[in-house]
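Novice: Quick check, what structure comes out for this input:
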Amino acid sequence: MTGRWLSGWLPVVLWTLLIFLLSTRPYTAYFSNLEGSSHRIFQRYLQYPVHVAEYGALALLWVRALIRHSATRQWVAWATLGAVVLTALADESIQHLVPTRSFAFRDLLMDGTGGILAVTVSRWVFPISSSRG
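Specialist: Numbers count the residues shown, from 1 in each chain. Have a look, this model is predicted:
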């Protein structure tokens, strides 16, 4: 039982902790060595795809962990989206407390988009039998 729990939930916990760790960093990009034009390129073109990918991965990890315990795919989808939104809200709240960061609704939108895309894709990544929903 412990091994099954660890294989299902440890990746969720570790990925969430990584998200929160990145939020506590005092710069606006994920990589401190980006300066000048490279930093502007990241901010302009890569920032939002990174948000979508980061939270898409989180959503897939949630689906993977929950699908083992749920009777219906619909419940897994809603629980996953709820977890993604709560994590995104906590993430942005943490950033609000960091001096050079801020709470950004656009980031929440991108995080939610990543969660929705991942839940949609999860239907093919993690198929379940029709008898389970």
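Novice: give me the element the residue minimising distance to the centre of the chain is part of.
Specialist: Nearest to the geometric centre of the chain sits residue 55, at 2.2 Å (CA atoms, centre = their mean). Assigned by DSSP states H and E, residue 55 belongs to helix 47-66.
Novice: How far off centre is that helix?
Specialist: Its chain's average C-alpha position is 4 Å from that of helix 47-66, according to CA atoms, centre = their mean, to the nearest Å.
Novice: Now do it: which elements does it pack against?
Specialist: helix 2-23, helix 73-97, helix 105-125 (3 or more CB pairs under 8 Å, 6 or more residues apart in numbering; DSSP states H and E). Quick note: C-beta positions are derived from backbone N, CA and C, even for glycine.
Novice: Make CSV out of the ones you listed and add mean neighbour count.
Specialist: Converted to CSV, these look like this (neighbours: other CB atoms under 10 Å):
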stretch, mean neighbour count
helix 2-23, 13
helix 73-97, 17
helix 105-125, 17
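Novice: surely the residue nearest to the centre of the chain meets residue 117?
Specialist: No. Counting by CB atoms under 8 Å, residue 55 does not reach residue 117; the two are 9.0 Å apart.
Novice: show me where pLDDT drops low in this structure?
Specialist: The chain contains residues with pLDDT under 70 at 1, 27-45, 128-133.
Novice: Distance check, residue 97 against residue 50.
Specialist: Taking CB to CB, to the nearest Å as the criterion, residue 97 is separated from residue 50 by 21 Å.
Novice: Spatially nearest residue to the residue nearest to the centre of the chain, not counting backbone neighbours?
Specialist: residue 114 (3.5 Å; CB to CB, 6 or more residues apart in numbering).
Novice: Ok, residue 84 next?
Specialist: The spatially closest residue to residue 84, leaving aside those adjacent along the chain, is residue 115, at 3.4 Å (CB to CB, 6+ apart).
Novice: residue contacts, that neighbour?
Specialist: 55-56, 58-59, 80-81, 84-85, 88 (CB atoms under 8 Å, 6 or more residues apart in numbering).
Novice: Report the two of these separated the most.
Specialist: 56 and 85 (13.6 Å; CB to CB).
Novice: one step back: residues contacting the residue nearest to residue 55?
Specialist: Counted by CB under 8 Å, 6+ apart, residue 114 has contacts 51-59, 84.
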